[in-house]
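Novice: Attaching a predicted model along with its sequence, questions to come.
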Amino acid sequence: QVQLVESGGGLVQAGGSLRLSCAASGRTFGNRNVGWFRQAPGKGREFVATTTWNSPNTYYADSVKGRFTISRDNAKSLVDLQMNSLRPEDTAVYYCAAQRLPIGIGTRPNDYAYWGQGTQVTVSS
């Protein structure tokens, strides 16, 4: 079992930056691919970014490409999401997720087996 804990959320003005972190406990990330999703009130869970476990490949949703950067430190079992040029529409609860097995780039919630509790990001206009 992999437990994931997100941190780093908060309130920021439009144009500002935040850095989210996802830490694994229980077991390390190992060879699992890890992604970030978000969910705004009244909306479904939306893919944000993902990173593979080896020579990390990254993939982003079009809405965040060029503004967000996902990175991972396998030795520390940490995956970060650097968010720059934040917009009010980025407001959501952000979730970290890990695959049970490395099945490749996953952009659907069902591609991931383990989830954190989420961290709130609020961007004011």
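Specialist: In hand now; what should we look at? Residues are numbered from 1 along each chain as shown.

Novice: Can you name the residues bridging to the most centrally placed residue in the chain?
Specialist: The centre of the chain sits closest to residue 36, judged by CA atoms, centre = their mean, with a distance of 2.2 Å. Applying DSSP bridges to residue 36 yields these beta-bridge partners: residue 49, residue 96.

Novice: average model confidence for stretch 72-92?
Specialist: Mean pLDDT, stretch 72-92: 95.

Novice: Give me the distance from that stretch to the chain's centre.
Specialist: Computed by CA atoms, centre = their mean, to the nearest Å, the chain-centroid distance of stretch 72-92 equals 6 Å.

Novice: now the end-to-end length of stretch 101-119.
Specialist: Start and end residues of stretch 101-119 are separated by 25 Å (CA to CA, to the nearest Å).

Novice: So which residues lie in contact with that stretch, not counting its own?
Specialist: Residues from elsewhere that reach stretch 101-119 (CB atoms under 8 Å, 6 or more residues apart in numbering): 1-9, 20, 22, 31-33, 35, 37, 39, 45, 47, 50, 52-53, 57, 59, 61, 93-100. Placement of C-beta: from N, CA and C, glycine included.

Novice: was I right about the residue nearest to the centre of the chain contacting residue 98?
Specialist: No: in this structure residue 36 lies outside contact range of residue 98 using CB atoms under 8 Å: 10.9 Å.

Novice: Among the contacts of stretch 101-119, name the ones in strands.
Specialist: 3-7, 20, 22, 35, 37, 39, 47, 50, 59, 93-98 (DSSP state E).

Novice: This protein: helices as residue ranges?
Specialist: Taking DSSP state H, the chain contains no helices at all.

Novice: right, and residue 18 touches residue 11 too?
Specialist: No: using CB under 8 Å, residue 18 is not in contact with residue 11, being 9.2 Å away.

Novice: Compare the two and say which one has the larger neighbour count.
Specialist: residue 18 (21 against 12; other CB atoms under 10 Å).

Novice: The more buried one and residue 102, how far apart?
Specialist: Per CB to CB, to the nearest Å, residue 18 is found 28 Å from residue 102.

Novice: Repeat that for residue 69.
Specialist: For residue 69 relative to residue 102 (CB to CB), the value is 21 Å.

Novice: what about the two, which has more around it?
Specialist: residue 69 (16 against 13).
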